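Participant: what follows is a predicted protein model with its sequence.
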Amino acid sequence: MSVSAQRAIPFVLVVLGLAGSAIGSYLTIAHWGDQPIACGGVGDCGYVNSSEYASVGGVPVSALGAALYLAMTAVALAWARRACVDWLPIAYWGLALAGAGYAGYLTYVELAVLHAICIWCVTSAVLLAVSLALSTAAVLREPGSTEATLDAEAYQGRQGTGP
Amino acid sequence: MSHIRSKREQAAAIERRRARQKRARLLWVAGLAAVAAAALLIVAGGLLRDDGEVQTVSAAQRDGRVLGETSAPVIITAWEDFQCPVCKAANTSVLATIIAEYVDTGKAQLQYRYFSFLGDESKRAAEAAAEQGKFWEYHDALFTYQGAENSGAFSNDRLSKLATLAGLDLAQFEASLDSGEYEGVVEAELDEGRDRGVTGTPTFFVNGERVPDWRDLDAFRALIDSYLPTSS
């Protein structure tokens, strides 16, 4: 993966996190406000989000999702600002892994138990899967390689433009 | 010089190895914590899961498909289809008010009739529930989990799931449903509705007189009031 692609990853993850937060917030507001969910004619969002699987101990799953996305966005922002801090991508990867794992379970429940799909939930699961894939690619790189490559590029630049 | 360089390279190699080991430990910790968090949510969801939330239309007396006291002087007849979204809207708006003001207070009784123009599965299932004396519990579950028209929301699996939610004996319910013994009832009621001039759902009658516009709550009330004994 090129250095510029590596540096772009946290910025892409911020965008994905904001999109996921918006979905989670919308479903939470609809759940607590007992409002109909705009499903675009795809699936059965109302049934899925009022089923017994839509909350854990009285807390809507969508609210848990919104909180997770906000945490992921915050970590991705810190990662984007401080690319040399090694544990930030790992922390993000952990959050994405937990989210994607739980989203995978919920998608199974939709397909195999409820026999109904919520298009917003599926979109959220896809966002989490993409976030997990991108952060996995980032954490699998050699530690410090980005900074080393950047330093090398900067050095070569100085050599090329110097007197 | 080469000796010093070799020492530096060795130190750098050790430093890189330590960094890799530290990173590997962090990855293991993050990965295990993530798996534990997801597993905890799944297990907690199972332990804390309550039955689905069913919105109850009324706590009034029930007798088959009659809600309220069967001796009440005014009979409100509701022709509905469980798959009809407007019927669901009526049940949570105007009809809910009418039930609270007239049925719950013993002034009127509400009789439910099937007008099955969007498929008859849910109506046959409701008849199976009525056989167990739980028509209204099942009615509430069907409307709560209605889903889009003909979306498969009332597949046999879902109807059984709703039967459990409504507190029915599932084995008896499924046996009744499989027997097909209620098809005649649902079809006969559809024909009867057409004979009475029902063309869509929901359609309401008060003591046999059609409610012209059920959305007009005041007119609905006025029609009921006109059939109430003056002392009421």
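Facilitator: Cool, the structure landed.

Participant: who does the longest helix along chain A touch, helix- and strand-wise?
Facilitator: If you go by DSSP state H, chain A has its longest helix at helix A:3-32. Here helix A:3-32 touches helix A:45-50, strand A:59-60, helix A:61-81, helix A:87-108, helix A:119-139, helix A:145-161, going by 3 or more C-beta pairs under 8 Å, 6 or more residues apart in numbering or on different chains; DSSP states H and E. All C-beta spots, glycine's among them, are computed from the backbone N, C-alpha and C.

Participant: all strands of chain B, in order?
Facilitator: Here chain B has its strands, by DSSP state E, at B:62-63, B:66-67, B:74-80, B:108-114, B:203-206, B:209-210.

Participant: run the chain-centre distance for the longest helix along chain B.
Facilitator: Using DSSP H, we find that the single longest helix of chain B is helix B:2-48. The chain centroid and the centroid of helix B:2-48 are separated by 48 Å under C-alpha atoms, centre = their mean, to the nearest Å.

Participant: swap in stretch B:182-191?
Facilitator: So, by C-alpha atoms, centre = their mean, the centroid of stretch B:182-191 is 23 Å from its chain's centroid.

Participant: list the contacts of that stretch.
Facilitator: B:113, B:114, B:115, B:116, B:117, B:120, B:123, B:124, B:127, B:128, B:176 (C-beta atoms under 8 Å, 6 or more residues apart in numbering or on different chains).

Participant: which among those residues gets closest to residue B:11?
Facilitator: residue B:128 (79.6 Å; C-beta to C-beta).

Participant: can you give me the pLDDT of that closest one?
Facilitator: pLDDT for residue B:128: 91.

Participant: contact partners for it?
Facilitator: Counting by C-beta under 8 Å, 6+ apart, residue B:128 has contacts B:163, B:168, B:172, B:173, B:176, B:177, B:182.

Participant: quick one: residue B:134 and residue B:166 touch, right?
Facilitator: Yes: the pair formed by residue B:134 and residue B:166 meets the contact definition of C-beta atoms under 8 Å, at 5.7 Å.

Participant: give me the more crowded residue out of these two.
Facilitator: residue B:166 (24 against 21; other C-beta atoms under 10 Å in any protein chain shown).

Participant: low pLDDT regions in chain B?
Facilitator: B:1-4, B:48-55, B:147-153, B:231-232 (pLDDT under 70).

Participant: closest one of the contacts of residue B:128 to residue B:198?
Facilitator: residue B:182 (19.5 Å).

Participant: OK, contacts around residue B:107?
Facilitator: B:72, B:73, B:74, B:101, B:224, B:228, B:232.

Participant: so what's the third one bridging to?
Facilitator: Beta-bridge pairing of residue B:74, defined through DSSP bridges, involves residue B:108.

Participant: which bits of chain A sit near chain B?
Facilitator: A:39, A:41, A:44, A:46-47, A:50-53, A:56-58, A:61, A:64, A:86-87, A:90-91, A:93-99, A:101-102, A:105, A:115-116, A:139, A:143-144 (C-beta under 8 Å from any C-beta of the partner chain).

Participant: and with 7 Å instead?
Facilitator: For chain A, the residues in contact with chain B (C-beta under 7 Å from any C-beta of the partner chain) are A:44, A:46-47, A:50-53, A:56-57, A:86-87, A:90-91, A:93-94, A:97-98, A:101-102, A:105, A:115-116, A:139, A:143-144.
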